[in-house]
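Colleague: No letters, just coordinates:
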C-alpha cells in the first residue's frame, strides 16, 4: 500500500479521497518540515502559500515525488510550479478516481533533480528514517526487497521468515479496508525496525529478519492477538497466516 502525505488543512477536495483509503495509506499534516517516509507528497498551494517552493525543494533533496494541488488553472502558474521542481500540478476540482490515477502515476515516475547525489543527501534520508517498528513499503518495493533479502541472507548466513496474513469473515473474503489498515499499524508497531511489511490487496505481507520458525510463529500469533484485542472484539474478521523461510539464492538454484 502506497503512503501518501498531504500537506494541507481540512479542505473539501480531500474528503472523498481520505474517506475511502482502499489503495493508499494517507497522512494529512500541517507541518511544513517533512520528516518521514512516503511514496509521494501532495502540497496544497492555497495552504502552503509562499512556502510552497521551499517545501518542494526539501522533497527534491529527499528524492520524494511531489505534486502541487491548486485551484489556479493559469498556465503561467503551472509552468512556475514545474520549474520549481514539482513533478505534477493537479488542478481542482478533480474527481476522486482521477486523483487516484494521478497519484499512482506520480509514485511510479522517476524523480528528476539537477543536484548531484552526495552523502549529504543520504544523511537527509537517514534523518527522515527515524521511529520504531517495521518499515512499511509499497507493493513493488516489497518485491524488490524480497529479492534483495534472499541475496543478503547468503552473505550474512542468517535466516528470515516470510509471513502472509489473510483476512476472512463468515460471508467470505474480508473486504473492510479500515481493518486492514488497523492490522498494518499493529504490524508496524509490534515488529522491529529491521523487519519489512506491506499491504498487498487484501493481505498483509511481512519479512522477519533474523527469525527462525519458532520466532516467526510467535510474532504472527502476537500480532493477531493484539489486533483481536483492539479492533476485532466482535470477531467479525478471522485472521490466518502462512509462513515460510526465505530461501537463499544459492539454495534455490541448487534445488533446480
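Modeller: Yep, that arrived. Here the structure is a predicted model, which means the values were calculated and not measured.
Colleague: Which neighbouring elements make contact with whichever strand or helix holds residue 228?
Modeller: Assigned by DSSP states H and E, residue 228 belongs to helix 213-231. Counting contacts by 3 or more Cβ pairs under 8 Å, 6 or more residues apart in numbering; DSSP states H and E, helix 213-231 packs against strand 160-169, helix 177-190, strand 203-209, strand 238-245. Yep, even glycine has a C-beta here, placed from its N, CA and C like the rest.
Colleague: Make TSV out of these and add distance to residue 48.
Modeller: Formatted as TSV, the helices and strands packed on helix 213-231 follow (distance: least, Cβ to Cβ, whole Å):
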stretch	distance to residue 48
strand 160-169	38
helix 177-190	27
strand 203-209	34
strand 238-245	40
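Colleague: confidence score at residue 99?
Modeller: pLDDT recorded at residue 99 is 91.
Colleague: What of residue 201?
Modeller: In this prediction residue 201 is given a pLDDT of 76.
Colleague: ditto for residue 234
Modeller: Confidence score, pLDDT, at residue 234: 80.
Colleague: Domain map for this protein?
Modeller: For the chain, automatic domain parsing gives the domain ranges 2-127, 135-255.
Colleague: about what we covered before: closest to residue 47 out of the helices and strands packed on helix 213-231?
Modeller: Ranking the helices and strands packed on helix 213-231 by proximity to residue 47 (Cβ to Cβ) places helix 177-190 first, at 24.7 Å.
Colleague: what's in contact with the closest one?
Modeller: Applying Cβ atoms under 8 Å, 6 or more residues apart in numbering, the set of residues contacting helix 177-190 from outside is 1, 20-22, 25, 132-134, 136, 165, 167, 174, 197, 199, 202, 204, 206, 219, 222-223, 226-227, 230-232, 237, 239.
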